[in-house]
Structure formats: structure tokens, C-alpha cells
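Trainee: what's the 3D shape of this:
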Amino acid sequence: MQIRISWPAGNITATLDADTPTTQALAKALPLTSSARTWGEEVYFDTGVSVSRETDARQVVEPGTVAFWTDGDALALPYGPTPISRGDECRLASPCNVLGSLDGDARALATVRNGDPVRVELIDE
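Mentor: So this is what the prediction gives:
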């Protein structure tokens, strides 16, 4: 499953694992608009979707991972270190459900500003 994430300065697509409960819940909520928040080199935003933490949830992920922060009902998109990272790792605020990964260069997210409007939509296959 592919989604497009857009903000005033750009957009990026992501490929998600369609078989997870979190991805299915998110897909039902799309398209959605939200307000971006930044935390170090991570962009996150509320989705209005509430799901449980999955058994394979992880706190340390690769740059460009599409994660779902169950504590905040938010998509979390790390592209580099956060304030609690050790070294260059992408350490999320708490364990998150891993949904997939961004296509292309995750550093495009560096152009997202706190408070930017964000739109997430399904890309028709």
C-alpha cells in the first residue's frame, strides 16, 4: 500500500505493509489532514486513529521508517537523531508500530516546519 504525505514545501511517498492492524486502521482514516510537529530530526502528527501497540513495536528504527506512535495516536517519521537518540540513531519517544518506509530521501522531511499543515492520502494502485 502506498501513501503520499504532503506539506507546503514538498511531499514524499511511502510504502506500507498492508497486513498490519495499524496500517488497516490508518487506511480507513485517509485522506487526513493534520498539523506537523517536529522533534529533533523527526516529524510527527496526529491521525485521529487509536490503535494498540503491536508485539513487534520498536523504539530505535532506521531513518525513513514510517512508525505509528500509539501513545499519541500519531504518525512518526524519523529522518535522523531525536533529542533522546544515542549517537546517530533514530530513537522514538516510546516503542512504535512499524508500518513501512518512506520512498526516496527521508531528508526531504527537513523542510517540514512545526505547525505546517500535512495531508496524508492513499495513492491509487
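
Trainee: list the buried residues of the lengthiest strand in the chain.
Mentor: Looking across the chain with DSSP state E, the single longest strand is strand 90-102. If you call a residue buried by 16 or more other CB atoms under 10 Å, then strand 90-102 has these buried ones: 90, 91, 92, 93, 95, 96, 97, 98, 99, 100, 101, 102. The way it works is simple: take the backbone N, C-alpha and C, and place the C-beta from them, glycine included.

Trainee: and if you look at stretch 28-47?
Mentor: 30, 32, 34, 36-38, 41-47.

Trainee: just put those residues in TSV and tack on secondary structure.
Mentor: Converted to TSV, the buried residues of stretch 28-47 look like this (DSSP: H, G, I helix; E, B strand; the rest coil):
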residue	secondary structure
30	coil
32	strand
34	strand
36	coil
37	strand
38	strand
41	coil
42	strand
43	strand
44	strand
45	strand
46	strand
47	coil
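
Trainee: would you state the strands of this structure in chain order?
Mentor: Along the chain, the stretches classed as strands by DSSP E are 2-7, 10-16, 32-35, 37-38, 42-46, 58-61, 65-69, 74-78, 90-102, 117-122.

Trainee: take these and write them to TSV, including distance to residue 110.
Mentor: Output for these, formatted as TSV (distance: least, CB to CB, whole Å):
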stretch	distance to residue 110
strand 2-7	11
strand 10-16	10
strand 32-35	18
strand 37-38	9
strand 42-46	9
strand 58-61	17
strand 65-69	16
strand 74-78	11
strand 90-102	13
strand 117-122	14
